[in-house]
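In: Predicted model, plus sequence, below.
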Amino acid sequence: MILLSSLLIISCIIISWNTINFMLKEFYILLMLTHYLLIVLFLSYDLSLFYIFFELILIPIFIIVIIWGSRVEKFKAAYYLFFYTLFGSLLMLISFFYIYNEVQSTSWFILKILNLNKSLLICSSIIISMMIKIPMVPFHIWLPQAHVEAPISGSVLLAGILLKIGGYGIVRYCVLVFYEDLLLLKPILLLLSTVAIVYGSMMTVRQIDMKRLVAYSSISHMGFVTIGILSNSYIGIAGSILIMIAHGFVSSSMFILVTTLYNIYHTRIIRYYRGIFKNLPITAFLLLILSIINLSFPYTINFWGELYIFKSMLILNKNIFYICVIALNCIISSVYSFNLVNKILFNDESLYMYNKRDIIKNDFMVILIFIILTIFFGIYPILNENILNISKFYTL
């Protein structure tokens, strides 16, 4: 997670050279502050530190959205982002106060070897806070709003790393510290994850705004993350980690491409685009490659992540219902991905789309690096082996 956040922060700096035209110093200070807060968050082994930096990250993101957002609705989106996650975290704060009152410590190492009273309520409070951050249905309303109105760097940070904090928190604290309570909540959480996958995919199909389409697809992908974590196997947890990494690469690249198209044609409505393959061949080729990767094409990180989760459900849990849901999502994701590609790239050429400049060099290099990493780690097995070994630690 630290390496992923570092790579995304560097990418945000590169892609912002040509899109941020005012208050540059303040913008880069906020990016560096976000990076620092993320590093401390992922390195913290104390619940109180985790909560403090969990909430502090909201401040720079809130400022980025509200100052450098694109439209008037950015104020509404920023407040959605801030208050949804802030109020959801109050339950987690109350549970941490209770933990400290019981054992006089909030250290992760101490809590791992203790049996707390009312631990089911504590685990439930933490789960709700993480569900809002992921986000999971029905706490997902803030995500499309924030993505649509945020600047390109804000969208990359939200999709690339901030959504992963919820999955990281569940693995770090709920799986290791409150494992038995998590098993009691497992049926409800699996049902919500299934609803998130199907609902996110169905909502993605009906979107007419490209940026909102990518945002709703994130809800579906993060549903896979929670299913893998709740699979009660190290293979499922490894699949969840791989999907989080892959989503950080692919979703960030999609947001960069959508913003590139918006900067060229000044609209994100899909029906206004057609035949850009003739005028923007590089942009069109990147969009086609990313759409294929997003479908979990073999020998990409996405493929291994979904394969591990499918295997954990098929062999270890033997749950046909969730296997059918995963298969259904593969079909629906193919529908919205190829529908997007066909409408934008391959319809008859429009005069409005004629003779426009292709993607700029900075954006192209960032997307190319993300694509290369996605394919490289899908072919070269060292990442999969390391994550599998790490995941075994969380299922001891």
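Out: Cool, got the structure. Numbering: from 1, shown residues only.
In: Gly135 - that's part of a strand, no?
Out: No Gly there; residue 135 is Pro. No. Under the criterion used here (DSSP: H, G, I helix; E, B strand; the rest coil), Pro135 is coil, not part of a strand.
In: residue contacts, it?
Out: Pro135 makes contacts with Tyr84, Trp142, Leu143, Leu163, Gly166, Ile219, Met222, as judged by Cβ atoms under 8 Å, 6 or more residues apart in numbering. Using the backbone N, CA and C atoms, a C-beta is placed for each residue, glycine as well.
In: Surely Phe82 is in contact with Leu58?
Out: Yes. Using Cβ atoms under 8 Å, Phe82 makes contact with Leu58 at a distance of 5.7 Å.
In: Filter the contacts of Pro135 down to the ones in helices?
Out: When the contacts of Pro135 are checked against helices (DSSP state H), the matches are Tyr84, Trp142, Leu143, Gly166, Ile219, Met222.
In: measure Gly88 to Ser129 for me?
Out: Noted for Gly88: a distance of 5 Å to Ser129, by Cβ to Cβ, to the nearest Å.
In: And for His266?
Out: Distance of His266 to Ser129, computed by Cβ to Cβ: 39 Å.
In: Which helix runs longest in the chain?
Out: helix 234-265.
In: Give the next helix or strand downstream of it.
Out: helix 276-279 (DSSP states H and E).
In: ok, and for that next one, which residues are buried?
Out: By 16 or more other Cβ atoms under 10 Å, the buried positions in helix 276-279 come out as Ile276, Phe277, Asn279.
In: which helices and strands sit right next to the longest helix of the chain?
Out: Helices and strands in packing contact with helix 234-265 are listed as helix 2-15, helix 152-157, helix 164-169, helix 210-229, helix 281-294, helix 301-311, helix 361-379, helix 382-393; criterion 3 or more Cβ pairs under 8 Å, 6 or more residues apart in numbering; DSSP states H and E.
In: Looking at those helices, which is nearest to Phe62?
Out: Phe62 lies closest to helix 152-157 among the helices and strands packed on helix 234-265, at 9.7 Å (Cβ to Cβ).
In: Would you check how far apart the nearest residue to Gly236 once chain neighbours are set aside and Ser193 are?
Out: Of all residues not flanking Gly236 in the chain, Ser312 sits nearest, at 3.5 Å (Cβ to Cβ, 6 or more residues apart in numbering). Ser312 sits 13 Å away from Ser193, going by Cβ to Cβ.
In: again with Phe27
Out: 36 Å.
In: Thr226 and Ile161: what is the separation?
Out: Distance from Thr226 to Ile161, by Cβ to Cβ: 17 Å.
In: ok, Asp363 - contacts?
Out: Applying Cβ under 8 Å, 6+ apart to Asp363 gives the contacts Ile15, Ile256, Leu257, Thr260.
In: Find the pair from these with maximum spatial separation.
Out: Using Cβ to Cβ, the pair of the contacts of Asp363 lying farthest apart is Ile15 and Leu257, separated by 10.9 Å.
In: before we move on, back to that, rank the helices and strands packed on helix 234-265 by pLDDT, which is bottom?
Out: The minimum mean pLDDT among the helices and strands packed on helix 234-265 belongs to helix 382-393 (a mean of 69).
In: on that earlier part again, have a look at Phe27 and Ser193 and say which one is more surrounded.
Out: With neighbours defined as other Cβ atoms under 10 Å, Phe27 and Ser193 compare such that Ser193 has more, 25 against 21.
In: what helix or strand is that one on?
Out: If you go by DSSP H and E, Ser193 is part of helix 179-205.
In: quick one, that helix and helix 210-229 angle?
Out: In terms of direction (axes from the mean of the first three to the mean of the last three Cα atoms, to 10 degrees), helix 179-205 departs from helix 210-229 by 150 degrees.
In: buried stuff in helix 179-205?
Out: Neighbour-count burial for helix 179-205 flags 181-182, 185, 189-190, 192-194, 196-201, 203-205 (criterion: 16+ other Cβ under 10 Å).
In: before we move on, what about stretch 334-344?
Out: Tyr336, Ser337, Leu340, Val341, Ile344.
In: Among those residues, name the ones in helices.
Out: Those of the buried residues of stretch 334-344 mapping onto helices are Tyr336, Ser337, Leu340, Val341, Ile344, per DSSP H.
In: Now flag whichever of those is closest to Tyr98.
Out: Nearest to Tyr98 among these, with distances taken as Cβ to Cβ, is Tyr336, at 43.4 Å.
In: and His140, helix, strand or coil?
Out: For His140, the assignment made with three-state DSSP gives coil.
In: Distance check, the nearest residue to it once chain neighbours are set aside against Ile141.
Out: The spatially closest residue to His140, leaving aside those adjacent along the chain, is Ile219, at 5.3 Å (Cβ to Cβ, 6+ apart). Distance of Ile219 to Ile141, computed by Cβ to Cβ: 10 Å.
In: Which residue of the two possesses the greater neighbour count?
Out: Ile219 (23 against 12).
In: Report the separation between the more buried one and Ile367.
Out: 22 Å.
In: And for Ser201?
Out: The gap separating Ser201 from Ile367 is 24 Å, by Cβ to Cβ.
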